[in-house]
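> dropping a prediction and its sequence here:
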Amino acid sequence: MMQNIIKSMLEELDAMLSGHFIPYYKVSLGLAAIVSLVFSIVLSHGAVFEGKIAVIDLDGSNYSTELISKVNTSPYIEVTEVIRSPVNPITLVSHDRNLGVLYIPKGLEKSLKKGEQTVRLGYFADDTNDAQNAKVLQSLNEYIPELGAELSVGKIAALGLGKEGIEATLSPMQLKTRYLFNPASSSTISTIIYFVYFFSSLTYGLTSLMIIGRLKVTGMWQMAIERGFLSLLARTIPYALFYTTALTLITAILVIFGQLRFEGNYFAFVPSVFMTGLAFGWLAFLLSWTTKNPGEGAGRMIFLVPPGFIMGGSTMAVGIMPIWTYYISHAFPLVWLFRFFRDFAMRGRSLIDMLATYGAYIIYLTVIAFVVMMFVERVKKTANAS
């Protein structure tokens, strides 16, 4: 048994080094390095630091001009154009021209001086991408009330209240936000590392999806089946080791050079990467089981890696998914890897805290291995019957 497992692993290493198939030992390291470098440069900011907005100023007063100037100097906002006549805001955000449009109604200055009613400014947000407007909306929601409060200070001061009393009257309750895991909005902590894991998983998934077809084309399929399901599963171990090595190396480089914060123990995180490598390989066997050549298996990539990237919390909030979708998403290995990364790297959870999740992941791998065993036994029975 052990001899067959070792033979299967060595055969996969020979295939990698032969030059006739994907040289995964090179691709795994090279792609991870390239992706981390390119996206670190392209996505140097994790947030829109100068969110461009247009302003429709129907008041045209001295105060509205002053207001626009103050908004333009506030954090995360850049006023690109001021329109002093009614216009459809859609035209101002088309072609990614602006992230949104601030609307200043007519009679702003007059209403503020009288102080008879609250003046409501409008903001038309281009929500084709919610993330783009996050900092702009946050800044406007904080800054506009502050500017409005400045106008009321003189009136309230006449009541004889002290500084603290004036502040309490103008703003009886405030909300202060503290960002727990990424206060600097660093892309390396979230977006870039997700891309590194995603593209590394794509190449590994592509390689593993071609194994079954390669065994059939090279005439080794029957021998692989006769050795048993454990020997077949063991063929993914060399690839999983290179997959783990590549991600570990790139992560270490990012941490050493201060581009990535890893709060937990990386050695406690490593098993999850290796287990993800096994999961990708074993699922690839099931997906490509009926294929007759490597190219046919590669065509089934869409079912292996991308769903985990989409539903793993890298492109959208996990909380917006229905509960049944959340549970089904764990059928994809990348969802598990992203979950482990967030808990270990960003939240700093310990190995003890993650034992339950590791246990669930082991059960997940056991189920996949059991299904592979059933497939192998069925092929054996068919061969013996014929």
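That came through fine. What you are looking at is a predicted structure, and each value in this text was computed from that prediction instead of being measured.

> could you look up the SS state of residue 219?
coil (DSSP: H, G, I helix; E, B strand; the rest coil).

> what's the distance between it and residue 210?
Distance, residue 219 to residue 210, by Cβ to Cβ, to the nearest Å: 16 Å. Every C-beta, even on glycine, is put in place using the N, C-alpha and C of the backbone.

> just residue 148 next, same as before
From residue 148 to residue 210 the distance is 63 Å (Cβ to Cβ).

> ok, the two, which is more surrounded?
More crowded of residue 148 and residue 210, by other Cβ atoms under 10 Å: residue 210, with 24 against 15.

> list phi and psi for that one.
phi -90, psi -10 (degrees, to the nearest 10).

> any idea of the pLDDT on it?
At residue 210, the pLDDT value in this model is 93.

> tell me where the stretch 151-300 of the chain has helices.
With helices called from DSSP state H, counting those that start in this stretch, the stretch 151-300 of the chain shows them at 163-170, 193-209, 211-217, 221-226, 229-234, 237-256, 266-287, 294-298.

> single out the most deeply packed of those helices.
helix 193-209 (a mean of 24; mean count of other Cβ atoms under 10 Å).

> ok now it, how far from the chain's centre?
Taking Cα atoms, centre = their mean, to the nearest Å, the mean C-alpha location of helix 193-209 is offset from the chain mean by 14 Å.

> for residue 231, see how far away the spatially closest residue to residue 202 that is not a sequence neighbour is.
Using Cβ to Cβ, 6 or more residues apart in numbering and skipping residues adjacent in sequence, the residue nearest residue 202 is residue 305, 5.3 Å away. Distance, residue 305 to residue 231, using Cβ to Cβ: 25 Å.

> what about residue 18, neighbour count?
A count of nearby residues for residue 18, using other Cβ under 10 Å, gives 9.

> contacting residues for it?
Residue 18 makes contact with no residue under the criterion Cβ atoms under 8 Å, 6 or more residues apart in numbering.

> ok, back up a step: could you dump the helices of the stretch 151-300 of the chain to JSON lines with distance to residue 380?
What follows is the helices of the stretch 151-300 of the chain, written out as JSON lines (distance: least, Cβ to Cβ, whole Å):
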{"stretch": "helix 163-170", "distance to residue 380": "79"}
{"stretch": "helix 193-209", "distance to residue 380": "22"}
{"stretch": "helix 211-217", "distance to residue 380": "15"}
{"stretch": "helix 221-226", "distance to residue 380": "6"}
{"stretch": "helix 229-234", "distance to residue 380": "10"}
{"stretch": "helix 237-256", "distance to residue 380": "22"}
{"stretch": "helix 266-287", "distance to residue 380": "15"}
{"stretch": "helix 294-298", "distance to residue 380": "21"}
